[in-house]
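# Here you go, sequence then predicted model.
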Number of protein chains: 2
Amino acid sequence: MLVIDKLREYVKENRDDIVSDLRSLIKHPSVSAQGIGIDECAGVLNGIMRDAGLESRIIRPKEGNPIVYGEVNVGSDKKTLLFYGHYDVQPAEPLDAWRYNPFSGIVTDDKVHGRGAADSKGNVIAVVKAIKAMFDLNGTLPLNVKVLIEGEEEISSVHLPAFVKEHADMLKADACVCFDGSLNPSGTPNIYAGLKGLLYVEFRTRTASVDMHSSLAPIAPNAAWTLIKALNSVKKDGRIMVDGWYDDVRVPSKDDLVLLDRLEYDLESIKKDYGVREFIGKVKGKAALKKLLFEPTCNIAGIYSGYVSSGSKTVLPSEAMAKVDFRLVYDQRPDELFKRLQDHLSKMGFIDVELTMLGSLEPSKTDPNSRIVRAVASAASSVYNREPSIFPNSWASGPDYVFTKLLKMNSVWTGCSPAHANIHAPNEFTSIRNVMDGICYISSIMQEFSK
Amino acid sequence: MLVIDKLREYVKENRDDIVSDLRSLIKHPSVSAQGIGIDECAGVLNGIMRDAGLESRIIRPKEGNPIVYGEVNVGSDKKTLLFYGHYDVQPAEPLDAWRYNPFSGIVTDDKVHGRGAADSKGNVIAVVKAIKAMFDLNGTLPLNVKVLIEGEEEISSVHLPAFVKEHADMLKADACVCFDGSLNPSGTPNIYAGLKGLLYVEFRTRTASVDMHSSLAPIAPNAAWTLIKALNSVKKDGRIMVDGWYDDVRVPSKDDLVLLDRLEYDLESIKKDYGVREFIGKVKGKAALKKLLFEPTCNIAGIYSGYVSSGSKTVLPSEAMAKVDFRLVYDQRPDELFKRLQDHLSKMGFIDVELTMLGSLEPSKTDPNSRIVRAVASAASSVYNREPSIFPNSWASGPDYVFTKLLKMNSVWTGCSPAHANIHAPNEFTSIRNVMDGICYISSIMQEFSK
């Protein structure tokens, strides 16, 4: 049996190897939204997994980015744990807002900088290096392990449901740990017994075949105005105005509110880290946390129309585009809501606004009293010397439902990246210390669950 | 006395010289909004003006782009006519929408293509070459001529008012002809006894110091939403909702409506040329023309926030920007309205939205029965063999008020560029035949006004 201290010593001794492999992953961009560097990064990861003792291979599905999949089989009498992670990253734009090159993996003191450092290459390294650590220290693992690292998490895991359905036998396990999260500001892991869903929609409108001189504005339709009026009709005073949008909302349950009551989570630090003066509606403390966990959202991720360079240009734009992500709570269904959104716009008269679904994820829930949640919580307290925060669900989204709904197994979402690491934003980084703790965390999860 | 037929023969014989000088001007970008090529273009124009027999020079004001100014003095007993034009052009973006390089001046049959071909380098060439034509054919001009070609018309003639005030004596004249317009779809010139004003405003908002992960949307303010809500508060059902916006509106007067009644102007061709299905509110005919002439506007010329590249990125933008141009009608005042707009946003609670005035022009009016309007109308009918359209005011804006309000002279706005020549849009062009007719038109205006 491994003891935590032996593990801590091991990661210290192997720091250079861990950092070097993490930097290799960061230096290979793997931007799924832009189709950049995917194959190369999958290849590098496969090498790192094989080096850790996994029987690993790259699986190329009919559609979508390659999946890196590895197994360790120690015996059919042992339990089996499935680990999920992703090697793809968000686009790095705006590039000029980065202090360091986002794909250089530059190290300063305890930090490794770059796109994907925290979300989620540091987490992937923790999983893989924990397996290596156990082999190096013990020569074997306490249970069978399956490691599924996909390349489309940042584009809503478009092809993961099909892959999981097709490989249901291969992926069979007693439970799943999705290792793709961050510590909370107090330094302990967050454990999520569920995730929000997502519906990502592109709005496009074209009101003429070519841009016009803006003096025609009294009579000629303006695509930017059309889009703004359409978006405005979708949300009012924070509430989504689409008919039936809240019909299937099942959270918070009584159990959810019990967990919420126990949670200590410092949201105030978000204000400092991101330079936000006040939260919406000046909400604070538990009330803010409740909103964060249980509120469906309609977020404009991007909007563009017309002339946006320096100076003034009097143009009447013929085209406009917006990207909008909707976070969904249990048990909203993205396909149905997309149809409702289309109906809403046509009912409101926005017949020129076309919608494209760029991605969707169903929300997911796991019983917080299940064996896997208890094992992960126990591992967290032994590694981080403090009770972890167990959330009824995360405010973020991920493809957890493919494990809970499609493979019918319990699943938790956790991770070891630092809090407020600028994920999805410029100047993302991770902490080497946090990655090393993550290796201990994963090792302990395996031991706890094997009991 | 010149006769029209002699002039027509002259421009035909000198076609190559005219096209060559027009292409020279187009090949020198002169984008005032971006500060590109201004000095070089002014230099080229000055050469063309000197070659035409004008005593021309480049005047560099303390602030702003150089002005090219030329005179022909034939005697203090003669009348003096001031011509106004501009050598600067709109930005060419989006560049990938152009069939030909916007700064190549490529000629295909009767067309010269490029940014500024119609707005307004073709018009400038017509003025200058008309003077050369009269010198070549008659050895003199029938009146004194002053030619003022500025380089900031496309950025709301920011420094022209100061220049005109400082050089009021130099610019003294009996009337002004602003030659910066287009023919109407029937092929006859439009003559405007007034212009709309303009207020160009940049809206900027910053709700955090850095972009965030969009999962924080339930509590973190989104700059794009803030901007959209702010813009939405400014216009509703086509009406500008800012308190007092319409207080100083003086048009249409009874005289204006008489002119409107006489006007024949085919707005339907706009739909075809720009691929517009319906005008706003399905307005048609005289009703559409009335809206076009007399309605103040609030046009979104550009908007930008967040992630707008391919695919999906779940970001919560910290910054958003919009460029908005307001067309003003007689006798709205841009400075006052800008203050009203600021007050409106702060009253509506949009304290994070900052406004910058990027340009302003006052609206302008001239008596349609004045000598200059009659002279220009008479010249138009003799050259184009049809009654011209006399408008109470244009739907476009320009610095006409510096002549009518600051120099207290009557002024008309007209020009010779083709109708629907994609001005301010990709694939701008002019017609060589139209430029040659313009030379005859300017020559006739000088003769008519000298009588």
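Yep, it's here.
# switch to C-alpha atoms for all contacts and neighbour counts from now on
Fine.
# Rounded mean pLDDT for the top helix by length along chain A, please.
For chain A, the helix that runs over the most residues, judged by DSSP state H, is helix A:432-450. Per-residue pLDDT over helix A:432-450 has a mean of 98.
# who's in contact with that helix?
Identification of contacts with helix A:432-450 by CA atoms under 8 Å, 6 or more residues apart in numbering or on different chains yields A:4, A:7-8, A:11-12, A:15, A:19, A:78-79, A:81, A:110-112, A:122-123, A:125-127, A:129-131, A:134, A:142-143, A:371-372, A:375-376, A:378-380, A:383-384, A:415-418.
# I'd like to know which of these are buried.
Applying 16 or more other CA atoms under 10 Å in any protein chain shown to these, the neighbour count classes A:7-8, A:11, A:19, A:79, A:81, A:111-112, A:122-123, A:125-127, A:129-131, A:134, A:142-143, A:371-372, A:375-376, A:378-380, A:383-384, A:415-418 as buried.
# quick check: angle from the helix or strand containing A:Cys176 to helix A:432-450?
In this structure, A:Cys176 is located in strand A:175-179 according to DSSP states H and E. Calculated by axes from the mean of the first three to the mean of the last three CA atoms, to 10 degrees, strand A:175-179 forms an angle of 180 degrees with helix A:432-450.
# Tell me which other helices or strands strand A:175-179 touches.
Using 3 or more CA pairs under 8 Å, 6 or more residues apart in numbering or on different chains; DSSP states H and E as the contact criterion, the neighbours of strand A:175-179 among helices and strands are strand A:80-86, helix A:122-138, strand A:411-414.
# Same list (those) but as TSV, adding mean pLDDT and distance to chain B.
TSV is the format used below for those (pLDDT from 0 to 100; distance: least, CA to the nearest CA, whole Å):
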stretch	mean pLDDT	distance to chain B
strand A:80-86	98	15
helix A:122-138	98	18
strand A:411-414	97	15
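# Tell me how far the closest residue to A:Leu292 other than its chain neighbours lies from A:Phe279.
Distance criterion CA to CA, 6 or more residues apart in numbering or on different chains; nearest residue to A:Leu292, sequence neighbours excluded, is B:Pro218 at 5.2 Å. B:Pro218 sits at a distance of 9 Å from A:Phe279 (criterion: CA to CA, to the nearest Å).
# Neighbour count: the two, which is higher?
Taking B:Pro218 and A:Phe279 together and counting by other CA atoms under 10 Å in any protein chain shown, B:Pro218 has the greater number of neighbours (25 against 19).
# Tell me if I'm right that the more buried one and A:Leu289 touch.
No: using CA atoms under 8 Å, B:Pro218 is not in contact with A:Leu289; the gap is 9.3 Å.
# I'd like to know which residues of the stretch 101-250 of chain A are adjacent to chain B.
Taking CA under 8 Å from any CA of the partner chain, the part of the stretch 101-250 of chain A that reaches chain B is made up of A:154-155, A:200, A:207-222, A:224-225, A:228-229, A:232.
# Could you tell me which of the residues you listed count as buried?
With neighbours counted using 16+ other CA under 10 Å, those contain these buried positions: A:154-155, A:200, A:207-222, A:224-225, A:228-229, A:232.
# Can you get me a residue count around A:Gly244?
Neighbour count of A:Gly244, defined by other CA under 10 Å: 12.
# Check A:Glu9 too.
A:Glu9 is flanked by 11 other residues according to other CA under 10 Å.
# right, and the helix or strand after the strand or helix carrying it?
Element membership for A:Glu9, per DSSP H and E: helix A:4-13. Tracing the chain C-terminally past helix A:4-13 and defining elements by DSSP H and E, one meets helix A:15-27 next.
# So which of the residues of the stretch 101-250 of chain A next to chain B belong to strands?
Using DSSP state E, the subset of these located in strands is A:200, A:212-213.
# For stretch A:51-58, which outside residues touch it?
Where contact means CA under 8 Å, 6+ apart, the residues beyond stretch A:51-58 that reach it are A:42-43, A:46, A:49-50, A:66-72, A:128-129, A:131-132, A:135.
# check contacts around the residue positioned nearest the centre of chain A.
The geometric centre of chain A, computed from its C-alpha atoms, lies nearest to A:Gly398 (CA atoms, centre = their mean), at 5.2 Å. Contact analysis of A:Gly398 by CA under 8 Å, 6+ apart lists A:153, A:156-157, A:195-197, A:361.
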